[in-house]
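A.B. asks: coordinates for the following, if possible.
(chains A and B)
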Number of protein chains: 2
Amino acid sequence: MGEALSSKEHLLVIFYQELPASLVGYINNKFSDAEVTVYRPIKDVPVPSDLWHNATVLVTFTTLPDLKDAKNLKLIHFLSAGLDHLVNHPILKETDIPITTSSGIHGPPIAEWTVMNWLISSRYYIRTYEAQKEHKWDSKQSYMQGMHDQVGKKLGILGYGSIGRQIARVSSAMGMTVHAYTASPRTTPESKHDSGYIVPGTGDADGSIPASWHHGADRESVRSFLAIGLDHLVISLPLTPQTTHLLGPEEFAILSDNCTHPNSKPYVTNISRGKVIDQDALIVALKSGQLGGAALDVADPEPLPKDHPLWDAPNVQISPHISGAGKEYFPRSMEILANNLERMKRGQPLINSYRRGKSY
Amino acid sequence: MGEALSSKEHLLVIFYQELPASLVGYINNKFSDAEVTVYRPIKDVPVPSDLWHNATVLVTFTTLPDLKDAKNLKLIHFLSAGLDHLVNHPILKETDIPITTSSGIHGPPIAEWTVMNWLISSRYYIRTYEAQKEHKWDSKQSYMQGMHDQVGKKLGILGYGSIGRQIARVSSAMGMTVHAYTASPRTTPESKHDSGYIVPGTGDADGSIPASWHHGADRESVRSFLAIGLDHLVISLPLTPQTTHLLGPEEFAILSDNCTHPNSKPYVTNISRGKVIDQDALIVALKSGQLGGAALDVADPEPLPKDHPLWDAPNVQISPHISGAGKEYFPRSMEILANNLERMKRGQPLINSYRRGKSY
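C.D. replies: Okay, the predicted model is just below:
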């Protein structure tokens, strides 16, 4: 395992929280031939120049060196999937240091979080849980009225990236049909491919799962998509000026009016950013019954204030931006790094390479 | 839709609870050419002989006529999957009236229930739920310690029938590997097939999902299976003298000792009957940490008494025998009936046909 980095190299890992000892051990072990430093920045104190100067490979979330401190860096690997918050940094704008991201590692945990929330809602899990707390064996009859399953439901995914693809894979296995929406058209087999890192055994590498593909960068295209009769809408888009409040009163009405499921109204899942949804409109749509429920891993703002009405909106399940988290996060990101270091050695193109000048 | 039964036929549906009007309407609509009677038996009062005599097709859960009242019946369709409770009834033992079951319709709901429980446990959903009730945006850090996903986990399914196959399908999409256990050997491609009713778009018709197949009717064979290093054990077996207390202290120890997952101990899911598990041993294994958790839709006895220690065992999720329930239950069972009535007309073999002399 240690051969991806030679003994001449110095891997610097900068992370804003204390990493568990087991994880530090894992990293040291994975790159055992190289010198490894795991550093937690101290608030308002710059990272020591020595550290920057020594480093040949940098692993980081957001912290970057000044240009003058980056001379020895031959690769920067980000622990995040997107770099939209850093596009104006000189390292990104003015150097050609190869940069890679952790795109692709969020698919399995976020797909699990998504499907879990759907099922909790459709299978009345809260009732089960509260009954168990009271040691109460509920009557079966109380579950028969609206409990239903996901077979045959139509799932629309706004943003068919690595996360949407793993949601699609699991949903398809559950008997649902998948409909993909992307900003640019995906009309050729090549354009449907996922060219980034994929956790083995997951995802939709060749884009063969969707029953239909839709696209467009404007609101009207999105509305046409929402009108195809969806039972589930998953929002997996980056936040941009164009996607801010992309889903509002009219969009929820279109979703609702076109849903023909006999047992449920449309369910909205947001794993993107809170601001993609007009949150007040969402609350109204949930209260009116236009929507059947919502799973939200993101909110506007975060943390969501204690007195915010979203907390108690009907059939809403809120979690604190944790859908992508878990024990596998770091090891998978390090797997991408090790893979790319091997590719560099062999002169092959890197996976998850950041293309300068494109924010996504 | 109505053509499956002609106007000369009389469909009698006997169910122990009041059926919702929408469901009665559904049945009438589906068999609109025939006379349809939906009857709810009154406690301690026999079903009127007239009803029996008129009926040419009977749909029932457990209620059956005496031999003398069954003369006009050309098909009996059961709303349950198994008939083990009725094998000694004269209608089953002494007539050759074709009998069919609803086997196969439980796959999707029970698979959803199963996967939901796994994810609630591994993704710390209870913490999320309780925090939302308090309007509390938890720190991400509190989720990072043990939350993990299902990718790469080894799932063992004791009893690879229609339910196990749909669990396998979803699990495989989640990146897990599946290992099947059956009583009799399934060494040929034909023997691996599911020949019963399958909800379209679900299941594992040709048995291609499992990475390995195991079999045996004795306890030693089961123990060998439990020793292959499983992260999940799903129990989907009928209750027989041989399967009573099949899982006890030794079996839980074998499971635990052979599990090599870095982030979790074996998780047991029981969707069969409570008595298949030695419940006291299960509580001990959960308390000791030998097992990581359990999802139980069945208990011994049912209803589970209020003061039973199982309610509060660590990481146990109990539901009141509802995993197979839902809005789709009746329509799917009626779909099998309609399909078989068409087959009868065409002289084709029936699906889900009960073979007299075999209890399973």
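
A.B. asks: can you pull the buried residues of the lowest-mean-pLDDT helix or strand in chain A?
C.D. replies: Here the helix or strand of chain A ranked lowest by mean pLDDT, DSSP states H and E is helix A:141-144, holding a mean of 82. Within helix A:141-144, the residues that count as buried by 16 or more other C-beta atoms under 10 Å in any protein chain shown are A:143-144. Where C-beta positions appear, they are placed from N, C-alpha and C, glycine not excepted.

A.B. asks: and the helix or strand that comes right after it, what does it pack onto?
C.D. replies: Sequence order places strand A:154-158 as the next helix or strand after helix A:141-144, per DSSP states H and E. Applying 3 or more C-beta pairs under 8 Å, 6 or more residues apart in numbering or on different chains; DSSP states H and E, one finds that strand A:154-158 contacts helix A:162-173, strand A:177-182, helix A:219-226, strand A:232-235.

A.B. asks: how about the ones you listed, which one is nearest residue A:293?
C.D. replies: strand A:232-235 (10.0 Å; C-beta to C-beta).

A.B. asks: rewinding a little: what does the least confident helix or strand of chain A rub up against?
C.D. replies: Residues from elsewhere that reach helix A:141-144 (C-beta atoms under 8 Å, 6 or more residues apart in numbering or on different chains): A:124, A:127, B:17, B:320, B:322, B:325-327.

A.B. asks: go through these and say which is closest to residue A:230.
C.D. replies: residue B:327 (19.0 Å).

A.B. asks: residue contacts, that closest one?
C.D. replies: By C-beta under 8 Å, 6+ apart, the residues touching residue B:327 are A:144, A:146-148, A:262-263.

A.B. asks: which two in those are spaced the farthest apart?
C.D. replies: Greatest spatial distance among those (C-beta to C-beta): A:144 and A:262, at 14.6 Å.

A.B. asks: any idea how far residue A:242 is from residue A:188?
C.D. replies: Distance of residue A:188 to residue A:242, given as C-beta to C-beta, to the nearest Å: 24 Å.

A.B. asks: which strands or helices does the strand or helix carrying residue A:283 pack on?
C.D. replies: Element membership of residue A:283 [criterion: DSSP H and E] is helix A:279-288. Contacts defined by 3+ C-beta pairs under 8 Å, 6+ apart place helix A:279-288 against helix A:249-258, strand A:293-296.

A.B. asks: right, and those - which one's nearest chain B?
C.D. replies: Of all those, strand A:293-296 sits nearest to chain B, with 10.0 Å by C-beta to the nearest C-beta.

A.B. asks: paired strands for the helix or strand following the closest one, with orientation please.
C.D. replies: Going down the chain from strand A:293-296, the next helix or strand is strand A:316-318, by DSSP H and E. In the sheet, strand A:316-318 lines up against strand A:293-296 (parallel) (DSSP bridges).

A.B. asks: what's the pLDDT at residue A:140?
C.D. replies: Reported pLDDT at residue A:140 in the predicted model: 87.

A.B. asks: list the contacts of it.
C.D. replies: By C-beta under 8 Å, 6+ apart, the residues touching residue A:140 are B:320-322, B:325.

A.B. asks: what do you get for residue A:275?
C.D. replies: Shown in contact with residue A:275 (C-beta under 8 Å, 6+ apart): A:239, A:244-245, A:300.

A.B. asks: tell me the most packed of these, by neighbour count.
C.D. replies: For the contacts of residue A:275, the largest number of neighbours (other C-beta atoms under 10 Å in any protein chain shown) sits with residue A:300, at 21 neighbours.

A.B. asks: for it, grab phi and psi.
C.D. replies: phi -130, psi 110 (degrees, to the nearest 10).

A.B. asks: what about it, distance to chain B?
C.D. replies: Residue A:300 is 12 Å from chain B, where distance means C-beta to the nearest C-beta, to the nearest Å.

A.B. asks: now that residue. Nearest residue, chain neighbours left out?
C.D. replies: Leaving aside its sequence neighbours, residue A:300 sits nearest to residue A:274 (C-beta to C-beta, 6 or more residues apart in numbering or on different chains; 3.3 Å).

A.B. asks: same check on residue A:94?
C.D. replies: residue A:67 (6.5 Å).

A.B. asks: wait, isn't the one you found in contact with residue A:95?
C.D. replies: Yes. Counting by C-beta atoms under 8 Å, residue A:95 is a contact partner of residue A:67 at 6.9 Å.

A.B. asks: residue of the stretch 151-300 of chain A nearest chain B, please.
C.D. replies: Relative to chain B, the nearest point of the stretch 151-300 of chain A is residue A:173 (3.6 Å; C-beta to the nearest C-beta).

A.B. asks: and the pLDDT at the residue nearest to residue A:94?
C.D. replies: 94.

A.B. asks: report the backbone C-alpha coordinates of the least confident helix or strand of chain A in CSV.
C.D. replies: This file holds the C-alpha atoms of helix A:141-144, laid out as CSV (Å, rounded to 0.1, in the frame of the first residue of the first chain):
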residue,chain,number,x,y,z
GLN,A,141,-54.9,-1.9,11.0
SER,A,142,-53.3,1.4,12.0
TYR,A,143,-50.6,0.9,9.3
MET,A,144,-52.9,-0.2,6.5
